[in-house]
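J.: Can you look at this prediction? I've put the sequence above it.
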Amino acid sequence: MSWYVYILRCGDGTLYTGITDNISRRLAVHRSGKGAKYTRGRGPLELAYTEEVPDKPAALRREYQIKRLTRQEKEQLIRRA
């Protein structure tokens with residue numbers, strides 16, 4: 001089963017990075033206000049980037065790498081996708 005690392009662009013312009021095994025379900029949970037505490041009240045939420053990885057450990061490692069990037073580097077990653 002594939003896993004995904006994703007970046008959401010929040011309504012306030014901030015970026016949120018997370019992982020999931022089902023992008024559409026996870027996005028629906030975020031939009032319903034029951035997702036990550038950070039995204040609650042920051043809508044509308046736009047899916048800005050997704051990256052498929054082979055398994056959950058790989059997704060966690062990649063999420064950590066992306067979270068360590070600067071805002072500018074994250075924006076470059078989004079533009080390249």
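T.: Now that the structure is in, tell me what you want to look at. Numbering: from 1, shown residues only.

J.: can you pull out the strands in this structure?
T.: 3-9, 15-20, 46-53 (DSSP state E).

J.: average model confidence for the longest one?
T.: I take that to be strand 46-53. Average pLDDT, strand 46-53: 98.

J.: Would you mind getting the angle between that strand and strand 15-20?
T.: 40 degrees (axes from the mean of the first three to the mean of the last three Cα atoms, to 10 degrees).

J.: circling back: let me know which of the strands of the chain is the nearest to residue 39.
T.: Among the strands of the chain, the nearest to residue 39 by Cβ to Cβ is strand 15-20 (5.5 Å). (Each C-beta comes from the backbone N, C-alpha and C, glycine too.)

J.: rewinding a little: of all the strands of the chain, which gets the most neighbours per residue?
T.: strand 3-9 (a mean of 21; mean count of other Cβ atoms under 10 Å).
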